[in-house]
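Peer 1: Here is my input; please provide its structure:
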Amino acid sequence: MFASLTVLAPGLLGGSVAMAARSRAVAARIHVWSRRAETRASLRAVDWCDLVHETPEAAAAGSELVVVCAPVDQIAPLVERIGPRLAPGAIVTDVGSVKSEICRAATATLAGRDCTFVGSHPMAGSERTGHANAEADLFRGRTCFVTPLPDTSVAAIDRVVAFWRALDADVVTESPERHDEIVAHISHLPHVLASALCSFLAQGDPRWRELAGPGLRDTTRIAGSDAELWRSIFEQNQPEVVRAVSRFQDELQELQAAIANGDWFTVKATLERGRHYRAGLRG
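Peer 2: Numbering: from 1, shown residues only. Purely as a prediction, here's the structure:
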């Protein structure tokens, strides 16, 4: 599909992109760059990339597709850095979990160049980090948002969609704004709740943690994710996260009032509605 693919910042997601592309013969050559020298040294020992570069500009030069896998607040600056070195016709995408600000900034950066930015967000993250945890099948059966702007090249959109489908992802195309609203509810809000619950319990008796069953561990798994990474995500998607938390607070207060008032009909209805939604989640 691509003669050359570049992955910038290949951690869990970026490493998985490169591994999946290599295992499925999606790119003839795969180049990578990582900010840390020790990470670049470890990448030279893996078999899913062909060349490790010292700078993002060198890694992106000449590639048909560049996938930027840095934290959300570093994606647009990286696109700006590599812009002058991109080959004519190059496509740049990313894996950031917030899209509106990134898509507009990156598109503006590449304006006037014969290159196109098309935003992407595979819903395939984990609390684990680093390319050592990457998996070639990480995207199999997972949703991947592709978030073009209204004037984005249709040909570039089609190639990015085809790329993610070649990695076995289920592609959904949405506007950046609609994407940010959706993920604020189904991804960012769950992280707010898991982290707030753990923060709340951390202020209590520390011995209680040793008494907890698997329910607490299952409910709070994502609270083990990188705090700075998620602070940046909340900052980038602040308005939508605030709206989602506000709507959830209304639901929680209604349940609290039902319990306090002994309204067990409402309590059971809430539990049943939640059970039904949980049963319908993708595996």
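
Peer 1: What residues does Ser187 make contact with?
Peer 2: Ser97, Met123 (CB atoms under 8 Å, 6 or more residues apart in numbering). Every residue, glycine included, has its C-beta placed from N, CA and C.

Peer 1: Pull the contacting residues for Thr6.
Peer 2: Counted by CB under 8 Å, 6+ apart, Thr6 has contacts Ile30, His31, Val32, Trp33, Ala59, Ala60, Ser63, Leu65, Val66, Val67.

Peer 1: Relative to Leu86, how far out is it?
Peer 2: 10 Å (CB to CB, to the nearest Å).

Peer 1: And Gln203, by the same measure?
Peer 2: Counting by CB to CB, the gap between Gln203 and Leu86 amounts to 50 Å.

Peer 1: And Ser97, by the same measure?
Peer 2: Ser97 is 24 Å from Leu86, by CB to CB.

Peer 1: so where is the stretch 51-200 of the chain shaky, pLDDT-wise?
Peer 2: Scanning the stretch 51-200 of the chain for pLDDT under 70 picks out 126-127.

Peer 1: cutoff 90 now
Peer 2: Filtered on pLDDT under 90, the stretch 51-200 of the chain yields the residue ranges 112, 124-134.

Peer 1: What ranges does it have for its strands?
Peer 2: If DSSP state E, counting those that start in this stretch is used as the criterion, the strands of the stretch 51-200 of the chain fall at 51-53, 65-68, 91-94, 116-117, 119-122, 143-147, 170-173.

Peer 1: Quick check: which element contains Arg35?
Peer 2: Assigned by DSSP states H and E, Arg35 falls within no helix or strand.

Peer 1: Quick check: the two most widely separated of the contacts of Thr6?
Peer 2: Trp33 and Leu65 (14.4 Å; CB to CB).

Peer 1: Comparing those two, which shows the higher neighbour count?
Peer 2: A count of neighbours by other CB atoms under 10 Å puts Trp33 above the other of Trp33 and Leu65, at 27 against 24.

Peer 1: now the more buried one, which residues is it bridged with?
Peer 2: Beta-bridge partners of Trp33, counted by DSSP bridges, are Leu8, His53.

Peer 1: That one against Ala18, yeah?
Peer 2: No - taking contacts as CB atoms under 8 Å, Trp33 lies outside contact range of Ala18: 11.4 Å.

Peer 1: which residues are common contacts for those two?
Peer 2: Val7.

Peer 1: any chance of the strands of the stretch 51-200 of the chain in TSV, with distance to Val26 too?
Peer 2: What follows is the strands of the stretch 51-200 of the chain, written out as TSV (distance: least, CB to CB, whole Å):
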stretch	distance to Val26
strand 51-53	17
strand 65-68	9
strand 91-94	13
strand 116-117	18
strand 119-122	14
strand 143-147	14
strand 170-173	14
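
Peer 1: what's the overlap in contacts for Thr6 and Leu86?
Peer 2: Ala60, Ser63, Val66.

Peer 1: Would you mind measuring from the most centrally placed residue in the chain to Thr147?
Peer 2: By CA atoms, centre = their mean, the mean C-alpha position of the chain lies nearest to Ser97, the distance being 4.0 Å. From Ser97 over to Thr147 the distance is 11 Å, taken as CB to CB.

Peer 1: contacting residues for Pro71?
Peer 2: So Pro71 contacts Gly96, Glu228, Leu229, Ser232 (CB under 8 Å, 6+ apart).

Peer 1: These, buried ones only, as a ChimeraX selection?
Peer 2: Command for ChimeraX that selects the buried part of the contacts of Pro71, burial taken from 16 or more other CB atoms under 10 Å:
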select :96,232
